[in-house]
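Participant: Attaching a predicted model along with its sequence, questions to come.
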Amino acid sequence: MQRDNGGAVTAEALTGAALEAGLGYYREMLLVRSVEGEIESLHRRGRMHGSFHSSMGQEACAVGVCASLRLADIVTSTHRGHGHAIAKGVTAHGMIAELFGRSTGVSGGRGGSMHLHQRATGFYGENAIVAGGLPWAAGAAWARKRAGTDDIAVAFMGDGGFAQGVTHEVLTMARYWESPLLIVCENNGLAHSMPADRLWGDPGRIASMVAASGVRSEYVDGTDVFAVAEVARGLVEHVRTGQPAFLECGVFRVRPHSISDADYLYRSRTAGQEWMDAHDPLAKLRGRLGPEAGERLDAIDRDVAAEVAAASAQAEADPLASTSDATRNLYTTPELAARA
């Protein structure tokens with residue numbers, strides 16, 4: 001493929017395999033956005049309740065990172081984790097049914113928006129505790145290594161999570177254990193209402209701080225899915241050798257912190273839309289794929305819209321989770337069960 005002086009794939013290179021990869025990225029990113037758009041609409045219309053944290057504008061990071069992963073690789077996530085789940089293989093129906101509290105949801109309707117998981121796809125779950133998914137991922141990756149596999153774990157976190165002590169403890173232990181863990185920090189500019197640059201400086205500073213600890217670390221523009229995928233691919237290859245790595249993705253939080261957050265109290269009401277007008281990763285990718293791909297992109301738009309509409313209608317019609325399932329899988333003592 002052709003590259004410019006900075007090493008990025010040029011627009012002229014998007015033919016053949018590169019074009020097909022771009023179309024695949026576009027479909028996955030659009031699916032993430034469409035599912036979250038449907039969830040937001042259901043909340044606004046009073047048909048869905050509970051918490052919801054949108055990842056609009058961050059789709060390229062989720063899709064670009066997960067593009068290099070295997071089914072057996074593990075992903076842990078944050079309270080803003082719907083995009084990571086879909087990029088790892090969770091279906092639109094499984095996601096929406098879970099948020100409806102239906103028995104057909106990926107966690108049987110018991111996980112909801114911030115705690116859904118699906119082990120069959122390697123998505124080991126979201127976590128409402130800031131940076132809470134990092135120790136899960138580090139331990140699971142180390143266990144896979146001890147079992148003799150080269151499977152890895154990826155733990156997504158936000159810039160606010162970098163202020164948590166557990167993040168630095170996990171980095172230290174992963175380096176000491178040689179745990180095959182990739183930590184992906186989505187620096188979206190705000191830790192709730194705290195501007196990230198007040199804590200860490202310009203985007204990329206978090207990655208440089210991690211690099212100073214001896215862990216391989218890189219920064220990438222999180223609006224460019226090709227760039228994310230290329231950098232993530234190199235880090236994943238490194239991690240499969242049995243070493244941790246860190247990736248900071250520069251993104252932006254387009255929506256409020258949560259669907260009930262009054263973000264206009266600490267930033268402009270138009271901040272998200274202004275950023276999208278200039279940096280929307282889907283629009284950027286569509287432009288890069290070029291007018292020759294227009295018909296195929298339009299077909300993807302129609303297919304994804306139909307898929308999400310059908311998934312939402314089916315999910316809402318599915319049976320609610322049973323109250324008898326409330327305590328299922330909470331605790332098991334195998335050795336006692338074997339004697340019973």
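Facilitator: Right, received. Where do you want to start? Predicted model, so just to flag it, every value in this text is computed and none were measured.

Participant: in the protein, which spans are helices?
Facilitator: In the chain, the helices defined using DSSP state H lie at 16-44, 59-66, 82-87, 92-100, 133-146, 165-177, 196-200, 205-211, 225-239, 271-279, 281-289, 294-317, 334-339.

Participant: dump the residue contacts of Gly46.
Facilitator: By Cβ atoms under 8 Å, 6 or more residues apart in numbering, the contact set of Gly46 is empty. Every residue, glycine included, has its C-beta placed from N, CA and C.

Participant: So for it, what's the pLDDT?
Facilitator: Here the pLDDT value assigned to Gly46 is 96.

Participant: would you turn the helices of the chain into a markdown table with distance to Glu248 and mean neighbour count?
Facilitator: What follows is the helices of the chain, written out as a markdown table (distance: least, Cβ to Cβ, whole Å; neighbours: other Cβ atoms under 10 Å):
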| stretch | distance to Glu248 | mean neighbour count |
| --- | --- | --- |
| helix 16-44 | 20 | 19 |
| helix 59-66 | 10 | 30 |
| helix 82-87 | 16 | 28 |
| helix 92-100 | 26 | 25 |
| helix 133-146 | 14 | 21 |
| helix 165-177 | 12 | 17 |
| helix 196-200 | 9 | 16 |
| helix 205-211 | 4 | 19 |
| helix 225-239 | 10 | 21 |
| helix 271-279 | 17 | 15 |
| helix 281-289 | 16 | 19 |
| helix 294-317 | 29 | 15 |
| helix 334-339 | 41 | 7 |
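
Participant: OK, contacts around the residue nearest the centre of the chain?
Facilitator: Central residue of the chain (Cα atoms, centre = their mean): His84, 2.6 Å from the mean position. By Cβ under 8 Å, 6+ apart, the residues touching His84 are Ala62, Cys66, Val75, Ser77, Thr78, Phe123, Glu126, Phe156.

Participant: With His238 as the reference, measure out to it.
Facilitator: Between His84 and His238 the distance is 20 Å, computed by Cβ to Cβ, to the nearest Å.

Participant: Also Phe252?
Facilitator: The gap separating Phe252 from His238 is 27 Å, by Cβ to Cβ.

Participant: next one: Val231
Facilitator: Distance of Val231 to His238, given as Cβ to Cβ: 11 Å.

Participant: can you check Ala326 too?
Facilitator: From Ala326 across to His238, the span is 43 Å (Cβ to Cβ).

Participant: on that earlier part again, to Cys185, which of the helices of the chain lies closest?
Facilitator: When the helices of the chain are compared by Cβ to Cβ, helix 205-211 sits nearest Cys185, at 5.7 Å.

Participant: so what does that closest one touch, helix or strand wise?
Facilitator: Helix 205-211 sits against strand 181-187, strand 216-221, strand 245-250, with contacts defined as 3 or more Cβ pairs under 8 Å, 6 or more residues apart in numbering; DSSP states H and E.

Participant: OK, contacts around the nearest residue to Ser208 once chain neighbours are set aside?
Facilitator: Excluding its sequence neighbours, the residue lying closest to Ser208 (Cβ to Cβ, 6 or more residues apart in numbering) is Ser217, at 7.3 Å. Neighbouring residues of Ser217 by Cβ under 8 Å, 6+ apart: Ala207, Ser208, Val210, Ala211, Ala245, Phe246, Leu247, Glu248.

Participant: now, among the residues you listed, which is nearest to Trp142?
Facilitator: Ala245 (14.6 Å).

Participant: and that closest one, what pLDDT?
Facilitator: What the model reports for Ala245 is a pLDDT of 98.

Participant: Quick check, it in contact with Arg216.
Facilitator: Yes. Judged on Cβ atoms under 8 Å, Ala245 makes contact with Arg216 at a distance of 4.6 Å.

Participant: which one of these two has more residues nearby?
Facilitator: Neighbour totals were compared for Ala245 and Arg216, and Ala245 leads with 25 against 18 (other Cβ atoms under 10 Å).

Participant: In contact with the more buried one: list those residues for me.
Facilitator: Leu181, Leu182, Ile183, Val215, Arg216, Ser217, Glu218, Leu235, His238, Val239.
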